[in-house]
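> okay, here's the prediction I keep looking at, along with the sequence it came from:
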Amino acid sequence: MNGLQQYQRINTQTSITDADPHKLIQLLYNGALERINMAQSRMQAKDYAGKGQLINKAIEIIGGLKSFLDLEQGGELAERLEALYDYMERTLFEASAKNDAEKLDEVANLLRQVKEGWDGIREEVVQHQQAV
């Protein structure tokens with residue numbers, strides 16, 4: 001393992017250890033987006049085994065995001081997010097099976113939109129805490 005990979009692993013482990021629950025979700029979004037981007041590169045390089053591993057990791061991360069949903073307290077929003085995560089997982093499976101970069105782009109764009117909303121919630125919480 002080269003030095004950069006070791007640094008990234010330690011940096012990620014430190015981020016996870018120091019993260020509050022909201023930050024953990026942000027890290028999951030970032031991780032899924034990173035895996036999708038890497039899978040696109042592997043797809044272009046015709047490294048289909050590497051692409052498959054990265055897409056599977058993105059699917060696992062999205063499954064993790066889904067597991068954090070509280071369907072009782074989250075109501076309709078949580079149900080819609082669950083359906084969206086299900087769609088993302090299916091679309092990633094299809095992208096992997098068909099080597100379809102457009103499907104990867106579609107999921108990445110959806111993840112970015114949800115992440116932007118989540119990031120906005122974090123900003124509101126931080127601003128509220130500073131005001132108190």
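Looks like it came in fine.
> any idea how far K23 lies from Q73?
20 Å (CB to CB, to the nearest Å). For the C-beta atoms, the positions are set from N, CA and C on the backbone; glycine is no exception.
> the more surrounded of those two?
More neighbours surround K23 than the other of K23 and Q73, with 13 against 8 (other CB atoms under 10 Å).
> which SSE is immediately downstream of the helix or strand hosting the more buried one?
K23 is part of helix 21-44 when elements are defined by DSSP states H and E. With elements assigned by DSSP H and E, the helix or strand that comes after helix 21-44 is helix 48-67.
> how far off centre is that following helix?
From the chain centre to the centre of helix 48-67 is a distance of 9 Å (CA atoms, centre = their mean, to the nearest Å).
> which strands or helices does the longest helix out of those in the chain pack on?
For the chain, the longest helix by residue count, based on DSSP state H, is helix 101-131. Helices and strands touching helix 101-131, by 3 or more CB pairs under 8 Å, 6 or more residues apart in numbering; DSSP states H and E, are helix 21-44, helix 48-67, helix 71-98.
> buried set for it?
Residues of helix 101-131 classed as buried: 103-104, 106-108, 111, 114-115 (neighbour count, 16 or more other CB atoms under 10 Å).
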